[in-house]
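**Student:** Generate a structure from the sequence data that follows.
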Amino acid sequence: MDYTKIPLVFNVRKPVGVSSFDVVHYFKKNLSFDFGKIGHFGTLDPFAEGVLLIGIQGAQKLNDYVHQLLPKTYRARGVFGGKTETGDLTVPICETKEISDYWKSQTKEVLEAFLGEKFLGEYWQSPHAVSAVKFEGKRLYQHALEGRIIVKEKVKREIYSFEILDFQYPFFDFVVTVSSGTYVRSLFEEIAILLEGVGALETLERLAIGTMKVGQAMVKEQWPLKHESFLLESYGIPLDKVLELDHIILNLAQTKRYLQGQRFPLIDVEKRNNPLPICSENFYWVYNEDGTLLGFGRPEGTELHAIFNLKLSISLFS
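**Tutor:** Model (predicted):
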């Protein structure tokens, strides 16, 4: 397999104090081969650290699907008693209010049961007013810098798991797995309000996106350096190993039709279940009989519709 010609993802550990854009720019500047366009799958705030997925060679085109389909796990430390405009403690506190004495005296087990009942499952949340979500063509944080605080309507998210690691007032350490688009800063602010106080995050670490975990992420010492050898095969992860989907296997005739953009009945193709079915069954990776990845598709009615075809596959089979 020629890793310079297939969509690849880097699982990168973003350090505290740099933006996601800074990390992407670093890779763009230091990857010493023609990798096409580059992009990341989900912003991490500068004060946060952890998993940042970077896509090259076409992988970045599926950003919306990776963002939509893969759950994200975070570890955070919240501090009760002080609220900030950003939801984290990188800026001055603008309001103070301690949680009630009743909740201060509770164990983490009691708190976890109470908060789990309130938040687990379907969860409606407004994007944080200081976030990268767009409104009228600009990011919400840009509006905030201009003195306009935009409150957007709540959207449905999901909280899959919630665990309190430690509670020693005012510090509240927890791990949460959520659907993409969920703001942990906003979640902790809601937790504080529910406990009759206010709060903000002191630290935030993204532990995982899907099966891509922080313990496997590239630390700064492993990042590429211009004009130095870089083991692409060691660090580049094929896109179909990041986004685990069920498979469709096409014969030669079907492959040619697929790569020409034609549709055909799903009943006529071979389907194989993925052992790690963490994504929607409404999407498939498409392969030929030899195991070559052809692209990414979904059913439309009773037919297979190609969303994304690989240049490598097109060159091999056209």
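**Student:** Could you name the helices and strands sitting against the top strand by length along the chain?
**Tutor:** Across the chain, the longest stretch assigned as strand under DSSP state E is strand 155-168. Under the contact definition 3 or more CB pairs under 8 Å, 6 or more residues apart in numbering; DSSP states H and E, strand 155-168 sits against helix 108-119, strand 121-125, strand 171-178. C-beta coordinates here come from the backbone N, C-alpha and C atoms, glycine included.
**Student:** ok and the first one relative to strand 171-178, angle-wise?
**Tutor:** Meaning helix 108-119. Orientation check (axes from the mean of the first three to the mean of the last three CA atoms, to 10 degrees): helix 108-119 against strand 171-178 gives 40 degrees.
**Student:** And the average pLDDT for helix 108-119 is what?
**Tutor:** The average pLDDT within helix 108-119 is 95.
**Student:** buried set for it?
**Tutor:** K108, L111, E112, L115, F119 (16 or more other CB atoms under 10 Å).
**Student:** cool, stretch 193-213 as well?
**Tutor:** 195, 197-210, 212.
**Student:** on that earlier part again, report the distance from the longest strand of the chain to the chain centre.
**Tutor:** 16 Å (CA atoms, centre = their mean, to the nearest Å).
**Student:** do stretch 154-165 as well
**Tutor:** 14 Å.
**Student:** Next, the buried residues of it.
**Tutor:** Here stretch 154-165 shows R157, I159, F162, I164 as buried, counting by 16+ other CB under 10 Å.
**Student:** ok so V91 is a helix residue?
**Tutor:** No. V91 is assigned coil when assessed by DSSP: H, G, I helix; E, B strand; the rest coil, not a helix.
**Student:** Quick check: it vs L231, distance?
**Tutor:** Distance check for V91 against L231: by CB to CB, to the nearest Å, it reads 40 Å.
**Student:** So the two - more neighbours on which side?
**Tutor:** V91 (13 against 10; other CB atoms under 10 Å).
**Student:** residues in contact with the more buried one?
**Tutor:** Going by CB atoms under 8 Å, 6 or more residues apart in numbering, V91 touches T84, E85.
**Student:** Please enumerate the helices of the protein.
**Tutor:** 20-30, 63-69, 101-104, 108-119, 140-145, 184-194, 232-235, 239-242, 252-259, 311-317 (DSSP state H).
**Student:** where are the low-confidence patches of this protein?
**Tutor:** Where the chain drops to pLDDT under 70, the residues are 1, 126-153, 275-281, 311-318.
**Student:** and it, what are its domains?
**Tutor:** With domains defined by automatic domain parsing, the chain comprises 8-69+212-240, 72-209, 244-317.
**Student:** of the helices of the chain, which approaches F10 most closely?
**Tutor:** Closest to F10 of the helices of the chain is helix 232-235 (CB to CB; 5.8 Å).
**Student:** so how far is L243 from the residue nearest to L31 when sequence neighbours are not counted?
**Tutor:** Nearest residue to L31, sequence neighbours excluded (CB to CB, 6 or more residues apart in numbering): P224, at 5.4 Å. Separation of P224 from L243 (CB to CB) stands at 23 Å.
**Student:** higher neighbour count, those two?
**Tutor:** It is L243, of P224 and L243, that has more neighbours when counted by other CB under 10 Å, with 23 against 20.
**Student:** from memory the more buried one sits against L62, does it?
**Tutor:** Yes. Using CB atoms under 8 Å, L243 makes contact with L62 at a distance of 7.0 Å.
**Student:** Next up, the contacts around A48.
**Tutor:** Contacts of A48 by CB under 8 Å, 6+ apart are K14, V16, T203, L204, E205, R206.
**Student:** would you turn the residues you listed into JSON lines with distance to G261?
**Tutor:** Output for the contacts of A48, formatted as JSON lines (distance: CB to CB, whole Å):
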{"residue": "K14", "distance to G261": "37"}
{"residue": "V16", "distance to G261": "45"}
{"residue": "T203", "distance to G261": "48"}
{"residue": "L204", "distance to G261": "43"}
{"residue": "E205", "distance to G261": "42"}
{"residue": "R206", "distance to G261": "37"}
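**Student:** Between which two of these is the distance greatest?
**Tutor:** The most widely separated members of those, counting by CB to CB, are K14 and T203 (13.4 Å).
**Student:** Where do the strands of the stretch 201-318 of the chain begin and end?
**Tutor:** With strands called from DSSP state E, counting those that start in this stretch, the stretch 201-318 of the chain shows them at 212-213, 236-238, 246-250, 264-265, 270-272, 284-288, 293-300, 303-309.
**Student:** Adjacent strands (with direction) for the first one?
**Tutor:** Partners of strand 212-213 in the sheet, by DSSP bridges, are strand 199-209 (antiparallel).
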